[in-house]
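Trainee: Using only what follows, build the 3D model:
(2 chains)
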There are 2 protein chains.
Amino acid sequence: MINEVMYGLGSKSSVIRELFSYGLERKKVVGADKVYDFSLGNPSIPAPYQVKDAIAKLLEEPAEVLHGYSPASGDPGVKETLAQSVNRRFGTHFTGANFYMTVGAAASLSICINAVTNPGDEFITFAPFFPEYTVWVENAKAKLLINPADTESFQIDFDAFEGLLSPMTKGIIINSPNNPSGVVYSAETIQKLADVLRRKEKEYGHAIYLIADEPYREIVYEGVEVPYVPNYYENTFVCYSYSKSLSLPGERIGYIIVPDEMEDSKRVMAAVNGAGRALGFVCAPVLFQRVAAMCADVPSDIAAYARNRDLLYNGLTELGYECVRPQGAFYLFVKSPEPDANAFSERAKKHDVLVVPSDSFGCPGYVRISYCVAEKTIVDSMPAFKAIMEEVKAEQK
Amino acid sequence: MINEVMYGLGSKSSVIRELFSYGLERKKVVGADKVYDFSLGNPSIPAPYQVKDAIAKLLEEPAEVLHGYSPASGDPGVKETLAQSVNRRFGTHFTGANFYMTVGAAASLSICINAVTNPGDEFITFAPFFPEYTVWVENAKAKLLINPADTESFQIDFDAFEGLLSPMTKGIIINSPNNPSGVVYSAETIQKLADVLRRKEKEYGHAIYLIADEPYREIVYEGVEVPYVPNYYENTFVCYSYSKSLSLPGERIGYIIVPDEMEDSKRVMAAVNGAGRALGFVCAPVLFQRVAAMCADVPSDIAAYARNRDLLYNGLTELGYECVRPQGAFYLFVKSPEPDANAFSERAKKHDVLVVPSDSFGCPGYVRISYCVAEKTIVDSMPAFKAIMEEVKAEQK
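Mentor: Numbering: from 1, shown residues only, chains lettered A, B, ... in the order given. Reported below is the predicted structural model:
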């Protein structure tokens, strides 16, 4: 008599969460420094000192004002500050009215999807992709189609894409820098995607929304540029979160941008407000709305991630593992040295190395290794990775 | 092509929000002290000093731990602390496993409703009621039936209630202390409600969930006792929020309790987790989860509300206004001295007195007066309330 879909979603924990829980138990048995847990994407770098300073400063304000409701779409001053910051960086012309503050990226995506979806609509995303997309799209009574991965470059396989588009296509979800591949979509890829979508919009006679899920925008290495999607395509929703850039994943703070250039943008923004209301959001947490605004121009401290990436990438490729060198995020997407990545993940587990098999990302045969961990974990794990590879090779002989 | 239901929800602002916006504009014209704005339920009492102290103390912890993800259902230590606090106060036997931390009361309700609802289900609530219930119930593809108000006592009209119950009834939503009437349901009322529901559960052969929406539990006067609903009825969801008790409405922190006594309680808790996930929640804001636990036993400072209540109740009844003396919350539900409460609200507006007509609360002919305002606002508004009453009486002659 309860809702069985909700029961199903709540009773099966994700592979990632299961591995993480296993790791916690295992650490109790063999010691925390003997388990090499690469399962979770929980930032290991602390929030920059400016976050603490901002909170301390805000606490001097009268509490009844500081902790009071903001308008549903967010504090007007916060939204204006964020708009100006984005404009300075990307040459856009947003105002606060283009922003809707959210309880993090999951809320941003869920709200956008619900705002525009009618039952039977279809969304398309590109493997490898974040598995929760399926949950949010299906909860809005739409269907998520998966474009197979281009496993050469992990850019977009446009041949397959053309076959998935149809008059039912309501939107496309992209995630760059990508979880789990670490790849950044190039300007060329985004431009080509925009061209295809504009052509299809004309053909179908309706808007196709491009939802840009961008929590890793700031986590890029060696000056790689992440193209700013609204500058390429009008009907773009930007879904942002401060979880990774300010290392505040538990505080749940992010935003949606609905550009003026979007078709019927005022109506769409109203639908975003309506979807937030219908789902049970009231306003984004106000203290961290203010913190986000005060830290809008604070650079992300990614030096430690960059070091980890080099250590892990160089270490693993030297041992014979294959993977694309990640340009962003904090994941290495490694080809499983045996065909079944689940079997490989289980094998690694026996060496107390926890890596996530890629099936749930829609791209079998790989494992995701989160390198938002202590540097020591990476260094100490290398003998285990070596032993695992030797074991696989011995078996394959 | 967007979702028209969401557009509708986002484009029509509520009567309350419209009055509030009008008030802000009007204050710019005639001066803030000349507009008597009783529209919003935004706590006027600052958060207790313990909240600030708790935040300051938490900021000493390592930031990557402090602001990291908690499990989806909340920080285990926080949940255990809250369970013990509730047990001490209400003689219950909860553990942390009965708690699911939420992004405030709206999230609590939306999640519970989605967890148990299948399309076509019905919920019943008692007028006067919080209008957003309709939004959340309808978003879960269920129907909200309104039990007419018992305008004598503002307890429950059980004769009407029996007529609304049917095999389609999935749940009942109650809100005590009540927004907007300020009335607290007596132990007798809750007991009678539990008896009716248990009888109907047997008759229909399925559970009927009682959703107790309790943000005002701590805001009661003269030692009135608010019966603890799980002690009366097994299939109770407690939906709590710290918005009013700790004056933290903008921080969005609350919880759901699923008691072990509930039928299939483990399956229901899984469905609660699933609904949270499907709607786009990840975890409740972690800093304020911890603050809530550290302030679990801090009493609400309601002296100012009590003073305001007396001033307003005594002042208005002396002027000839009729209303039930509120035992809790911070609203006075006043009978409109003219038949149409909308007309009366418009008339009051001309005297710069902003009061909310009751139609959207499902109980026409009343106005809601929020007394979570400065004492001075109440004192200064009395001549205006007097002039309004005289105007109505003169017209009625």
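Trainee: Verify the stated contact: residue A:138 with residue A:131.
Mentor: No - contact criterion C-beta atoms under 8 Å: residue A:138 and residue A:131 do not qualify, at 11.6 Å. Where C-beta positions appear, they are placed from N, C-alpha and C, glycine not excepted.
Trainee: quick one, helices of chain A?
Mentor: A:4-11, A:15-30, A:49-58, A:63-66, A:76-90, A:105-116, A:132-139, A:158-164, A:187-204, A:265-279, A:286-294, A:303-318, A:341-350, A:375-396 (DSSP state H).
Trainee: will you turn the ones you listed into a markdown table that also has distance to residue B:184?
Mentor: Below are the helices of chain A laid out as a markdown table (distance: least, C-beta to C-beta, whole Å):
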| stretch | distance to residue B:184 |
| --- | --- |
| helix A:4-11 | 32 |
| helix A:15-30 | 41 |
| helix A:49-58 | 35 |
| helix A:63-66 | 25 |
| helix A:76-90 | 37 |
| helix A:105-116 | 34 |
| helix A:132-139 | 36 |
| helix A:158-164 | 57 |
| helix A:187-204 | 56 |
| helix A:265-279 | 28 |
| helix A:286-294 | 29 |
| helix A:303-318 | 54 |
| helix A:341-350 | 55 |
| helix A:375-396 | 55 |
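Trainee: hey, which of those is tucked in deepest?
Mentor: Highest mean neighbour count of the helices of chain A: helix A:105-116, a mean of 29 (counted as mean count of other C-beta atoms under 10 Å in any protein chain shown).
Trainee: So what angle separates the directions of that one and helix B:265-279?
Mentor: Taking axes from the mean of the first three to the mean of the last three C-alpha atoms, to 10 degrees, one finds helix A:105-116 and helix B:265-279 inclined to each other by 70 degrees.
Trainee: do helix A:105-116 and chain B meet?
Mentor: Yes - using C-beta under 8 Å from any C-beta of the partner chain, helix A:105-116 reaches chain B at A:106-107, A:109-111, A:114-116.
Trainee: do the same with stretch A:55-71
Mentor: Yes - interface with chain B: stretch A:55-71 contributes A:55-56, A:59, A:62-64, A:66-70 (C-beta under 8 Å from any C-beta).
Trainee: Out of the helices of chain A, which gets nearest to residue B:392?
Mentor: Of all these, helix A:63-66 sits nearest to residue B:392, with 33.9 Å by C-beta to C-beta.
Trainee: other SSEs contacting that closest one?
Mentor: helix A:286-294 (3 or more C-beta pairs under 8 Å, 6 or more residues apart in numbering or on different chains; DSSP states H and E).
Trainee: Up against chain B, what does the stretch 51-200 of chain A have?
Mentor: Looking at chain B, the residues of the stretch 51-200 of chain A close enough under C-beta under 8 Å from any C-beta are A:51-52, A:55-56, A:59, A:62-64, A:66-70, A:103-104, A:106-107, A:109-111, A:114-118, A:132, A:135-136, A:139, A:170.
Trainee: one step back: ok, so of the residues of helix A:105-116 next to chain B, who is nearest residue B:90?
Mentor: Among those, and counting by C-beta to C-beta, the member closest to residue B:90 is residue A:107, at 32.3 Å.
Trainee: pLDDT value on that closest one, please?
Mentor: Looking at residue A:107, its pLDDT stands at 98.
Trainee: residue contacts, the nearest residue to it once chain neighbours are set aside?
Mentor: Spatial nearest neighbour of residue A:107, excluding adjacent residues (C-beta to C-beta, 6 or more residues apart in numbering or on different chains): residue B:280 at 4.5 Å. By C-beta atoms under 8 Å, 6 or more residues apart in numbering or on different chains, the contact list for residue B:280 reads A:103, A:106-107, A:109-111, A:136, A:279.
Trainee: Residue A:44 now?
Mentor: Going by C-beta under 8 Å, 6+ apart, residue A:44 touches A:304, A:372-374, B:64.
Trainee: before we move on, what about residue A:262?
Mentor: For residue A:262, the contact set (C-beta under 8 Å, 6+ apart) comprises A:207, A:209, A:234-237, A:268.
Trainee: Dump these to CSV, plus pLDDT and distance to chain B.
Mentor: Below are the contacts of residue A:262 laid out as CSV (pLDDT from 0 to 100; distance: C-beta to the nearest C-beta, whole Å):
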residue, pLDDT, distance to chain B
A:207, 98, 6
A:209, 98, 9
A:234, 98, 15
A:235, 98, 11
A:236, 98, 15
A:237, 98, 12
A:268, 98, 6
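Trainee: which ones among those residues are found in strands?
Mentor: When those are checked against strands (DSSP state E), the matches are A:209, A:236-237.
Trainee: want to throw these into a markdown table with neighbour count?
Mentor: What follows is those, written out as a markdown table (neighbours: other C-beta atoms under 10 Å in any protein chain shown):
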| residue | neighbour count |
| --- | --- |
| A:209 | 27 |
| A:236 | 25 |
| A:237 | 28 |
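Trainee: ok so, going back, and the residues of stretch A:55-71 next to chain B as JSON lines, adding distance to residue B:288 and pLDDT?
Mentor: Below are these laid out as JSON lines (distance: C-beta to C-beta, whole Å; pLDDT from 0 to 100):
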{"residue": "A:55", "distance to residue B:288": "12", "pLDDT": "97"}
{"residue": "A:56", "distance to residue B:288": "16", "pLDDT": "97"}
{"residue": "A:59", "distance to residue B:288": "13", "pLDDT": "97"}
{"residue": "A:62", "distance to residue B:288": "18", "pLDDT": "93"}
{"residue": "A:63", "distance to residue B:288": "13", "pLDDT": "92"}
{"residue": "A:64", "distance to residue B:288": "16", "pLDDT": "87"}
{"residue": "A:66", "distance to residue B:288": "13", "pLDDT": "94"}
{"residue": "A:67", "distance to residue B:288": "9", "pLDDT": "95"}
{"residue": "A:68", "distance to residue B:288": "14", "pLDDT": "92"}
{"residue": "A:69", "distance to residue B:288": "14", "pLDDT": "90"}
{"residue": "A:70", "distance to residue B:288": "15", "pLDDT": "90"}
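Trainee: Which members of these are the farthest-apart pair?
Mentor: Put simply, by C-beta to C-beta the two of the residues of stretch A:55-71 next to chain B set farthest apart are A:56 and A:69, 22.8 Å from each other.
Trainee: I'd assumed residue A:263 was in contact with residue A:207.
Mentor: Yes - counting by C-beta under 8 Å, residue A:207 does reach residue A:263; the two are 4.7 Å apart.
Trainee: shared neighbours, those two?
Mentor: Joint contacts of residue A:207 and residue A:263 (C-beta under 8 Å, 6+ apart) are residue A:235.
Trainee: Tell me which of the two has more neighbours.
Mentor: Using other C-beta atoms under 10 Å in any protein chain shown, the more surrounded residue of residue A:207 and residue A:263 is residue A:207, with 19 against 14.
Trainee: How about the contacts made by the more buried one?
Mentor: Counted by C-beta under 8 Å, 6+ apart, residue A:207 has contacts A:201, A:235, A:262-264, B:1.
Trainee: Tell me the spacing between it and residue A:233.
Mentor: 11 Å (C-beta to C-beta, to the nearest Å).
Trainee: Same check on residue A:391?
Mentor: Distance of residue A:391 to residue A:233, computed by C-beta to C-beta: 47 Å.
Trainee: just residue A:136 next, same as before
Mentor: In terms of C-beta to C-beta, residue A:136 sits 21 Å off from residue A:233.
Trainee: re earlier: adding distance to residue A:228 as columns, could you present the contacts of residue A:44 in TSV?
Mentor: Below are the contacts of residue A:44 laid out as TSV (distance: C-beta to C-beta, whole Å):
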residue	distance to residue A:228
A:304	26
A:372	24
A:373	30
A:374	33
B:64	28
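Trainee: what's the neighbour count on residue A:340?
Mentor: 14.
Trainee: If anything else comes up later, I'll come back, but that's it for now.
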